[in-house]
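Engineer: What shape does this take:
(2 chains)
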Protein chains: 2
Amino acid sequence: MKARVHVMLKHGVLDPQGEAVRHALGAMGFDKVEGVRQGKVIDLQLAEGASEADVTAMCEKLLANTVIESYSIEMQG
Amino acid sequence: MKARVHVMLKHGVLDPQGEAVRHALGAMGFDKVEGVRQGKVIDLQLAEGASEADVTAMCEKLLANTVIESYSIEMQG
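Structural biologist: Sure thing, here's the model as predicted:
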């Protein structure tokens, strides 16, 4: 089974990476871009018997810095 | 309107970041993790009139290094 985890900076936390992308896109002529936020996506291949609770524990302990980042989990199959 | 872009290393391209996460999870006792791939997620806030073709152009020209990375686009509303 698989799980996909998204880790994004929380709203209100400055995202310089996203801002740099927005600036670069603007400079390249993509003038319809109003905002960019960049985060991480982590695809986990899990053994049988792993649960969403396991993935939540991984997020809390390692994958996300919950002070400034939020995460979401999608279990796939 | 919004678009979400996922940029992942292509299959077969070594992913040292994902491998480091897998190793760290194993060391923390998460023994049901068989593989990890890490990528980027880019959330774009777009002005009215922007199309998926615009986002594809952004991916090809800036967001993804198409030699080693693949991308997927989800348009949202």
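Engineer: Assign a three-state SS to the most far-flung residue of chain A relative to its centre, would you?
Structural biologist: In chain A, the residue that sits farthest from the middle, by CA atoms, centre = their mean, is residue A:29; the gap is 26.6 Å. Classification of residue A:29 into helix, strand or coil gives coil, according to DSSP: H, G, I helix; E, B strand; the rest coil.
Engineer: Then residue A:23?
Structural biologist: The three-state assignment at residue A:23 reads helix, by three-state DSSP.
Engineer: That one: neighbour count?
Structural biologist: By the criterion of other CB atoms under 10 Å in any protein chain shown, residue A:23 has 12 neighbours. Every C-beta, even on glycine, is put in place using the N, C-alpha and C of the backbone.
Engineer: Distance from the chain centre to the strand ranked longest in chain A, please.
Structural biologist: Using DSSP state E to define each element, chain A has its longest strand at strand A:33-46. On the basis of CA atoms, centre = their mean, to the nearest Å, strand A:33-46 sits 4 Å off its chain's mean C-alpha point.
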